[in-house]
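>>> Sequence and predicted model, in that order:
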Amino acid sequence: MSLRPTVRPATPQLRRRILAWYQTNARNLPWRKTKNPYRILISEVMLQQTQVTRVLEKYHRFIRRFTSFEVLARASAAEVIRAWSGMGYNNRSVRLRELARIVRDRFNGRLPSRVDELLLLPGIGRYTAHAVACFAFGQRVPLADTNIARVLARLFPGEGPDPWSIADRILPRRHVYEWNQALMELGATICTAARPKCTSCPVVRMCPSAFSIAARKATLHKKERGRNGIPNRIYRGRIIELLRKSNSRGRGLMDIGRGVKPNFSAADHKWLVTLLAGLERDGLIQSRNRGNSVVLRLAS
DNA sequence: AACTCGTGGTT
DNA sequence: TAACCAAGAGT
């Protein structure tokens, strides 16, 4: 019996090369210069489905205005929603404030550090829980986001569709913070979805997919039929954006509808009412009927 | 488990 | 220009 498997995994070399590459190629991102759990959490939630360049614009202003869980918990929903302007997925801002209140009321103002505790908080799923555990609390946990999933799928084709199991298998003992950041960095800057820069890749020699951009599997997904084929969330966003500017509008539904949808007609009334109910249910707005008109405002 | 939730840049 | 894409989460 041999002392080691006949086919030695290439992971040691893979780790070395990727970590070395990261050392000299890491972007200078503000959330990489702190281990403050609050700031790490804010950055990770902002980064959900949102480009780094967009987050960079808003991150500083947000944490300067809301400096801690305590401050964020004390703010009104409307304030937080306004500060979220331009970020998209406005539900995240509401959940972030709810999270801050839970941390204040039930965790003595300190963010839990364990993954299983983090997962119970609103707006925190598997990715964010692991990211916070690793980046803020230094824990040795694997990480898989869309970048890492793409990198691993190209490096290890045929190991199944679950990036988490691969990430777990190749996770190094040490330098886990740098490792997880490096995998994301590689996916974001080199191993990109559209035109991977294989000539600049530190592990091109170990990559079965090098220079063979996997034919984008025809994304079968998402109908998202709204009005005229435009998803409802677009109109939701327009309503929120309107309310960010003018706090309250006491007008007819017709006026509100015309404010967010061209050619808004009486036939769209029911649709708009449903839309507003959804926004209210999500804690983004409050609406009151006042006779023949409606008063809308951002939630308090 | 498919669907929904913004926003704006890139192709 | 229409489609795609971006540090996912909730239902």
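All right, it came through fine. Every value quoted in this text rests on a predicted model; they were computed, and no experiment measured them.
>>> only C-alpha atoms for contact and neighbour calcs from this point on.
Fine.
>>> So the nearest residue to residue A:115 once chain neighbours are set aside: helix, strand or coil?
Closest residue to residue A:115 apart from its sequence neighbours, by CA to CA, 6 or more residues apart in numbering: residue A:129 at 5.4 Å. Look at residue A:129: counting by DSSP: H, G, I helix; E, B strand; the rest coil, its state is helix.
>>> Does residue A:129 touch residue A:120 like I think?
No - using CA atoms under 8 Å, residue A:129 is not in contact with residue A:120; the gap is 9.4 Å.
>>> of these two, who's got more company?
For residue A:129 and residue A:120, the more surrounded residue by other CA atoms under 10 Å is residue A:129, and the numbers stand at 24 against 12.
>>> who in the stretch 101-250 of chain A is up against DNA strand C?
A:119, A:121-129, A:145-147, A:181, A:184-185, A:187-188, A:192-194, A:216, A:218-219 (CA under 7 Å from any atom of the strand).
>>> Restricted to buried residues, select those in PyMOL.
PyMOL command restricting those to the buried ones, with burial defined by 16 or more other CA atoms under 10 Å:
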select buried, chain A and resi 119+121+122+123+124+127+128+129+145+147+181+184+185+187+188+192+193
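>>> In helices, which of the residues of the stretch 101-250 of chain A next to DNA strand C appear?
Using DSSP state H, A:126-129, A:146-147, A:181, A:184-185, A:187-188 are the members of those that sit in helices.
>>> shouldn't residue A:31 be in contact with residue A:42?
No - contact criterion CA under 8 Å: residue A:31 and residue A:42 do not qualify, at 9.2 Å.
>>> which neighbours do those two share?
By CA atoms under 8 Å, 6 or more residues apart in numbering, residue A:31 and residue A:42 have no common neighbours.
>>> Start and end of stretch A:132-141, how far apart?
End-to-end distance for stretch A:132-141, by CA to CA, to the nearest Å: 10 Å.
>>> Show me which positions of it end up buried.
A:132-137, A:139-141.
>>> Residues in contact with whichever strand or helix holds residue A:167: which ones?
Element membership for residue A:167 (DSSP states H and E) is helix A:163-169. Defining contact as CA under 8 Å, 6+ apart, one finds that helix A:163-169 is touched by A:141-144, A:148-149, A:152-153, A:159.
>>> so what pLDDT did the spatially closest residue to residue A:264 that is not a sequence neighbour get?
Once flanking residues are discounted, residue A:264 sits nearest to residue A:258: 5.3 Å by CA to CA, 6+ apart. The model reports residue A:258 with a pLDDT of 91.
>>> swap in residue A:9?
According to the prediction, residue A:9 has pLDDT 45.
>>> Surely residue A:55 is in a helix?
Yes - the assignment for residue A:55 by three-state DSSP puts it in a helix.
>>> need the contact list for it.
Counted by CA under 8 Å, 6+ apart, residue A:55 has contacts A:43, A:46-47, A:87.
>>> Distance check, the residue nearest to residue A:115 against DNA strand B.
17 Å (CA to the nearest atom of the strand, to the nearest Å).
>>> residues near the residue nearest to residue A:264, how many?
The tally of other residues near residue A:258 (other CA under 10 Å) stands at 12.
>>> repeat for residue A:88
16.
>>> How about residue A:96?
24.
>>> swap in residue A:49?
Residue A:49 has 12 neighbouring residues, counting by other CA under 10 Å.
>>> which SSE is it in?
Per DSSP H and E: residue A:49 is located in neither a helix nor a strand.
>>> show me what contacts it?
So residue A:49 contacts nothing (CA under 8 Å, 6+ apart).
>>> Tell me which helix or strand the closest residue to residue A:268 other than its chain neighbours sits in.
Nearest residue to residue A:268, sequence neighbours excluded (CA to CA, 6+ apart): residue A:257, at 8.0 Å. Assigning secondary structure by DSSP H and E places residue A:257 in helix A:253-260.
>>> tell me what whichever helix or strand comes after that helix is packed against?
Scanning forward in sequence from helix A:253-260 by DSSP H and E, the next helix or strand is helix A:269-281. Where contact means 3 or more CA pairs under 8 Å, 6 or more residues apart in numbering; DSSP states H and E, helix A:269-281 is packed against helix A:232-245, helix A:253-260, strand A:285-290.
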